[in-house]
Every structure is written in C-alpha cells, then in structure tokens.
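Novice: Below are the sequence and a predicted model; questions follow.
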Amino acid sequence: MADPRPFLPSDPDALPYTYTPLPNPDEASEIRKRQFKELLAVFSGLLMLSLLVVIISSGHNSDSHANKNEPVFLAKEPYTTRPAKLRPVSRGIAAGVSEKSNRLADAVDGPAFPWNNSMLSWQRTAFHFQPEKNWMNDPNGPLFYKGWYHFFYQWNPNGAVWGDIVWGHAVSKDLIHWLHLPLAMVADQWYDINGVWTGSATILPDGKIVMLYTGSTNESVQVQNLAYPADHNDPLLTKWVKYSGNPILVPPPGIGYKDFRDPTTAWYTSQGKWRITIGSKLNKTGISLVYDTKDFKTYEQLNGVLHAVPGTGMWECVDFYPVSKTSDKGLDTSVNGPDVKHVVKASLDDDRNDYYSLGSYEEKTGKWVPDNQKIDVGIGIRYDYGIFYASKTFYDQNKERRVLWGWIGESDSENADMQKGWASVQGIPRTVLFDKKTGSNLIQWPVEEVENLRLSITDFDKVEVKAGSVLPLQVVTATQLDIVAEFELDKKVLESVAESNEVFSCNTSAGGSHRGALGPFGLLVLADETLSEQTPVYFYVAKGPGGNFDTFFCADQTRSSVANDVKKKVTGSYVPVLKDEKLSVRILVDHSIVESFAQGGRTTITTRVYPTKAIYGAARLFLFNNATEISVTASLKVWQMNSAFIRPYHPDETSNASLNLVTYIKFIVTFFIFLTLSFLT
C-alpha cells in the first residue's frame, strides 16, 4: 500500500531519509538575484531591439488594410459564443466511439474541490497546441503544403466536453507557433451530420491533396468520405469541398455499423493502386481492413485483413507506415524494400492506449506480420505510458522526417473542465525512428523546433544525490521548462548489491515513495516548497538472478495535487538500457502537462498535473533519490521555455508569422511581471 503521507512532510524527523538544502542559503539567494539581473538585462536589450524591428515592420505594412478586395481569412472568431447545454453522462460509447469525455471515474471523496480562477488559468499551456476554448480530441490529416504545416483536429464548438464534432484547423511554419484558421469541415451533410470524425491526408504525385474521413450519418452509421481543397493554389487551404458522391465506403458485410472508422493515409503499390486500411473488430478481435483504389472514389476490398489480434477489441485510429533500418531520416508512406520495417499502430477502444508493433509487410497479399508475436499490436509496446491516444503520423517532406501527433486528454473532473472552459491539448509533435541499437522498438523525440523556445539555461554538473535525500535546484521559475538530465550509478555498489527476485511494476508500486536498493531516483517537477504537492519522474533499477539489471521508467501522480477530483496513479514501463549507457531523461514541463522521454525516447510518459499550490512562482524543481543502498550522480541542463504565441491568423500576417506590436508588448510586460513575482516568491 502506498504511504498516505506526502513524500517529504514538513517534519523531516518522521522519515528515515533526509532533506538536504543547499550548502549555503545566502549564496543560493545571491545566485538567484544574479540570475534575475542577468535575465533582466538580456530581455531589456532584446525588448529594445525587437520593438525597433516590429515598429519598422509595422511601418512597411501600415497600408495592408487599404485594399478592401484582399481576402479576409478570419474576419470573425469562428467559435460559438454561447455554449449549448451540456449533456450529463456518457456520449461517446452511445455514438459508437470512445467515451472521449473526462468524467471522473471514481467517486469524489467529500465535497468537490473548490477550484478558483487563478488555479484553473494556470493550467492552460504555453507551448502545446490547444484551441482558444472548448473540447478537442483526435489529430486529423496533418501535412506540409506550400510552406505551411497544417493541423486539423476534432473539436466541439459548443462546449468543453465531447460532442458536436467538427474539424478545427491551424497552420504553422515550424510545428510550434500555430495560427488558428476558420473551421475546415462542419457536420452539414446526411453522411456526417452526427460528426465529422477522424481522417487522414494523402498528397498525390501532382501535389494535389485528398482527405479521407469518417462521418457519422443521420442514422449513426460510420461511413468513409472524401474531401479536397477548393483551391490548391491557396497555401492556407482555408476552404474544403466534400465529394458529391459521398459516402465512398460503408461497413462491409459482417462489420458492425458503429465499428468502421478512421481511414489511414494512402500508400502507393507496385500495381499502380492506392491502398488504405481502416480500423474495426470482429467480436473481441481487433482488425484492420484493407482497400485498394485508383481514383479515391471507387474501392476494392482485399481478402482478409492487414492484421488481427484476438482479445484487443475495437481498433481505432489505425496507423501504418515504414521506418528505415539504416537511415536516420523518415520515409514516405509508400516506401517499401529490404531495408524497411513497417509499423502497425492501433488505438484500443477498450483501454484508451496506443500500441504499436514492428513487422514485415507483404504488398502482394496485403498482409503484415509482427517480428515478435509476444509484443504484437495491443499486447506489447505502447507509444506512451501516460495519457496519449488517437495518435497520427505524417511524412514531413520538408525535413524528411516522420512526425507523430498525439491527443493528450484530461485527468481532472469534467466539472473542472467546464469551469475553465476547455479540455485537452496536443502533445509536442515527435519525430519517429527505428531504434537501430535495440532493433525492437521505436525512438520518439520532440521535434527540433521546440528548442527555439529555450531561453536562459542553468547547468548542474555532477551533483551527488545521496540515498534517501532530496536536493532543491535553484532555477528562475519551474512552470515552463525543458530539462535534460543524466544519472550515473556507482558500478562497485551495483556489483555488491544483493540479487533479488523482486517483480517490479510502475503501476503497482508505491511510486516515488517506494524504497528499493537501487531506486527510485530522478526529479520532482511541479512541486511546492514543502513538497505537499509533487510529481516524481524517475528510474527504478532492479537486480535480478544472475546479476541482470532491469530498468524501469515511471511517473507518479499520487501526490501531484491536493485536489480530490483528480485521477492520480503511477504509470510507466520497462526501458531498454544497453551496456555502458548512462540513464538519461528529457522532460518538457508546460503548466499542466509533463512529457518525459527516457533513454533517447525509447520509453515515454505523458502526464497531466493539476497542482493547487505548486503553481506560478511557487513551483519548484528537485532532485531526489529514495534508494536505500546507492548514491547517484546527476548532471542537468534546465532551460526556461518561452510561449509559442498560439493565436488566430489575420490577413496581414507576415510570412514568418511574427507577432504584431500590441501582442508583443503585452507579452513582454507579462513576462517581466511573471519574472518579478517569481523572484519575490
């Protein structure tokens, strides 16, 4: 049973391990003052330079509104101002899709937590994609076109819960700084009147785009539909046309009318046809159906299925793509050959997790076979061991990489979401590569562009963290961070530690408060000064029979918030660690979301965190080591992270989507106030 007390209560004598403050508090205070002054000087200089640039740019564009015949892409906010009455209970399952609402599964112990606006406002992210308001879920049809990255997503214009689903649309030059556009597609035809659901984009050899998506008909039958841009010369793709012959596919015989959804990006075959796969099930066997087409209007169903796994239930949001066994570049979806592995991924409706497997694809038969049946789709490796679902990849021909999007849901109560007026974010897009070192898994890593948000850096070199101790790390603020850390364990101690028959699991352990010979150890993010709120992200090493070591990577939400209407659990999994590798982790902290990548991205965990005390300037960062027999040496780089300024697009935007003068001034003023408050705190 987990220790019901905080990880480190205010009384240090109550525990067999110690809280270790900085050696010299006065020195620490001077360090913080010096860091603040340095930041103040740097930002003052940047402010003056940037204001000069913006003023000059504004002067050049001062007559941009003079021509009234120029197109206005966002004349009015495309969001409904009066939300519809919210329906109280289950919506998704009745519609034949995932529950996709964040009602608290467990009964709240006592009165609901009294969230206030300050707490709820803090939860909104600074550099993760999310709409201005309301509910969002699956990523749809991402692509790169005429200099812009396009992102479409499931969105409810009428409230902060799932329902009334249409397609939101945003564009970016770098996958980080997004601009909201008008809705791409709405539910206005009999074949999608109950929802414009998930779909995928395919770019044809002539540069034209086709979009396949699932619609829920007026009788709630799931059908596949075709859409395409109204004007392929428009780089922003602001208007879409639905094919007059929709639907192009209906559920085949033997498939339930609510079990047929989410077409993939098409790939080109050697027979001169385009091929797609669609998720479904037969009883409790998850399957992916396969179709060929030459014109995207008429289709031929192949015999059998691409793949099937008994006991996995409905396969949603199936993805199918190649990865290179030899190159560090991504591959177009149509690539095949001896140096290629193919990935099949499915989002399991039964447990709301994304599973993938590596294997071999036989084009002639349209079949895929896993390399290892023990880690087949739905029973083996997950993309992410936290909240991560309905993911979708696309090939970015701009930078020759495979990019993964994932929907990050909420783990608070639905009532809290309605109070704050929004729900869900998208994870930072990730590059995906085959792990050539292990040969058994993928590597996921945040796209390189997110590093452009890095501001000041604080280095911590070879910090010794003794067994049973916690060390505070002096950083300017701890709400928006990019952390890169390495941990070294004493090899002599590793050899001397007794072997154990321990069967460890992140999910069933006591989390960060667990005490083993070789762990847990790692970082406490979004913690307050007294550690009454904290989120440990950590490694745990187990020494088994024969002296073999197994390493686990976990995240612990159990003490992340004192609120009682938040789901709190320990998540994580085994992470492969090769000989002579140091243990490494990268953590992106952005208010209520924490994305963690272990061993270069072999294992990832996405966590939603809702603290009530560890917010704004009160958020802190700590190193901890709860092992009983070993000290660890940690080296870290911690960057403060800027905002991504996600906002609506306006017709006078410049090509690099720079901020207008008013927005920029508001940001600078807000940032300096934030720094000052953090310093004073």
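Specialist: That came in fine, so what should we check first?
Novice: Now do stretch 438-449, average pLDDT.
Specialist: Per-residue pLDDT values over stretch 438-449 give a mean of 97.
Novice: make that stretch 391-406, sorry
Specialist: Per-region confidence: stretch 391-406 scores 98 on mean pLDDT.
Novice: Now do that stretch: distance to the chain's middle.
Specialist: The gap between where stretch 391-406 is centred and where its chain is centred comes out at 14 Å by C-alpha atoms, centre = their mean, to the nearest Å.
Novice: do the same with stretch 498-516
Specialist: For stretch 498-516, the separation from the chain centroid amounts to 27 Å (computed by C-alpha atoms, centre = their mean).
Novice: and what of stretch 268-288?
Specialist: Per C-alpha atoms, centre = their mean, the centroid offset for stretch 268-288 relative to its chain is 26 Å.
Novice: Identify each buried residue in that stretch, please.
Specialist: For stretch 268-288, burial by neighbour count (16 or more other C-beta atoms under 10 Å) applies to 268, 273-281, 285-288. (Glycine included, C-beta is placed from N, CA and C.)
Novice: Which ones among these map onto strands?
Specialist: For the buried residues of stretch 268-288, the ones inside strands are 268, 274-281, 285-288, with DSSP state E as the criterion.
Novice: Does Glu451 belong to a helix, a strand or coil?
Specialist: For Glu451, the reduced secondary structure class is helix; criterion used: DSSP: H, G, I helix; E, B strand; the rest coil.
Novice: Let me see the ranges of the strands in the stretch 201-350 of the chain.
Specialist: For the stretch 201-350 of the chain, the strands defined by DSSP state E, counting those that start in this stretch cover 209-216, 222-229, 240-242, 267-268, 274-282, 285-293, 299-301, 307-309, 315-324, 340-348.
Novice: Out of these, which gets nearest to Pro182?
Specialist: Across the strands of the stretch 201-350 of the chain, the minimum distance to Pro182, taken as C-beta to C-beta, is reached by strand 240-242, at 10.4 Å.
Novice: what's the spacing between the closest one and its chain's center?
Specialist: Distance, centroid of strand 240-242 to centroid of chain: 29 Å (C-alpha atoms, centre = their mean).
Novice: Just the residues contacting it, thanks.
Specialist: Counting by C-beta atoms under 8 Å, 6 or more residues apart in numbering, strand 240-242 makes contact with 184-185, 189, 192, 211, 225-230, all of which sit outside it.
Novice: hang on, Val575 packs against Arg602?
Specialist: Yes - here Val575 reaches Arg602: they are 5.6 Å apart, a contact under C-beta atoms under 8 Å.
Novice: coming back round to it: let me have the strands of the stretch 201-350 of the chain in a markdown table, extended by distance to Ala160.
Specialist: Supplementary listing: those in a markdown table, determined by distance: least, C-beta to C-beta, whole Å:
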| stretch | distance to Ala160 |
| --- | --- |
| strand 209-216 | 21 |
| strand 222-229 | 25 |
| strand 240-242 | 26 |
| strand 267-268 | 37 |
| strand 274-282 | 27 |
| strand 285-293 | 30 |
| strand 299-301 | 37 |
| strand 307-309 | 34 |
| strand 315-324 | 22 |
| strand 340-348 | 22 |
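Novice: still on that earlier bit, return the closest of the contacts of strand 240-242 with respect to Asp332.
Specialist: The shortest separation between Asp332 and any of the contacts of strand 240-242 is 17.7 Å, and it belongs to Met211 (by C-beta to C-beta).
Novice: Pull the number of nearby residues for the closest one.
Specialist: Met211 is flanked by 27 other residues according to other C-beta atoms under 10 Å.
Novice: picking up where we left off before, nearest to Phe521, of the buried residues of stretch 268-288?
Specialist: Looking at the buried residues of stretch 268-288 and their distance to Phe521, the nearest is Gly286, at 37.7 Å (C-beta to C-beta).
Novice: In contact with the spatially most central residue of the chain, which residues?
Specialist: Using C-alpha atoms, centre = their mean, the residue of the chain that lies closest to the mean C-alpha position is Gly427, 2.1 Å off. Applying C-beta under 8 Å, 6+ apart, we find Gly427 in contact with 128, 384, 388, 405-408, 593, 595, 606.
Novice: now with 10 Å?
Specialist: For Gly427, the contacting residues are 128-129, 139, 383-384, 386-388, 391, 404-408, 444, 446, 588, 593, 595, 604, 606, by C-beta atoms under 10 Å, 6 or more residues apart in numbering.
Novice: From Pro446, how far out is the residue nearest to it when sequence neighbours are not counted?
Specialist: Spatially, and ignoring its direct neighbours in sequence, Gly427 is nearest to Gly406 (4.4 Å; C-beta to C-beta, 6 or more residues apart in numbering). Applying C-beta to C-beta, to the nearest Å, one obtains 12 Å for the distance of Gly406 from Pro446.
Novice: Show me where the stretch 401-550 of the chain has its helices.
Specialist: Using DSSP state H, counting those that start in this stretch, the helices of the stretch 401-550 of the chain run over residues 414-420, 491-496.
Novice: how about the ones you listed, which one is nearest Phe260?
Specialist: Closest to Phe260 of the helices of the stretch 401-550 of the chain is helix 414-420 (C-beta to C-beta; 28.2 Å).
Novice: Would you mark the buried spots in that closest one?
Specialist: Applying a neighbour-count criterion of 16+ other C-beta under 10 Å, the buried positions in helix 414-420 are 414-418, 420.
Novice: Using CSV, lay out these together with distance to Ala644.
Specialist: Shown next, in CSV, are the buried residues of helix 414-420 (distance: C-beta to C-beta, whole Å):
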residue, distance to Ala644
Glu414, 27
Asn415, 28
Ala416, 24
Asp417, 22
Met418, 25
Lys420, 19
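Novice: and those as TSV, adding pLDDT and distance to Ser532?
Specialist: Listed next are those as TSV, based on pLDDT from 0 to 100; distance: C-beta to C-beta, whole Å:
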residue	pLDDT	distance to Ser532
Glu414	91	26
Asn415	91	23
Ala416	93	20
Asp417	94	24
Met418	94	27
Lys420	95	23
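Novice: what is in contact with Val575 and Arg602 at once?
Specialist: When contacts are counted by C-beta under 10 Å, 6+ apart, the set common to Val575 and Arg602 consists of 441, 553.
Novice: The stretch 501-650 of the chain: strands as residue ranges?
Specialist: Using DSSP E, counting those that start in this stretch, strands in the stretch 501-650 of the chain cover 521-527, 535-543, 549-556, 570-574, 583-590, 593-598, 603-608, 620-625, 632-641, 647-648.
Novice: Redo the ones you listed as JSON lines? Include distance to Asp435 and mean neighbour count.
Specialist: As requested, the strands of the stretch 501-650 of the chain are arranged in JSON lines below (distance: least, C-beta to C-beta, whole Å; neighbours: other C-beta atoms under 10 Å):
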{"stretch": "strand 521-527", "distance to Asp435": "22", "mean neighbour count": "28"}
{"stretch": "strand 535-543", "distance to Asp435": "18", "mean neighbour count": "25"}
{"stretch": "strand 549-556", "distance to Asp435": "15", "mean neighbour count": "23"}
{"stretch": "strand 570-574", "distance to Asp435": "14", "mean neighbour count": "21"}
{"stretch": "strand 583-590", "distance to Asp435": "14", "mean neighbour count": "22"}
{"stretch": "strand 593-598", "distance to Asp435": "13", "mean neighbour count": "26"}
{"stretch": "strand 603-608", "distance to Asp435": "11", "mean neighbour count": "26"}
{"stretch": "strand 620-625", "distance to Asp435": "28", "mean neighbour count": "24"}
{"stretch": "strand 632-641", "distance to Asp435": "24", "mean neighbour count": "20"}
{"stretch": "strand 647-648", "distance to Asp435": "37", "mean neighbour count": "16"}
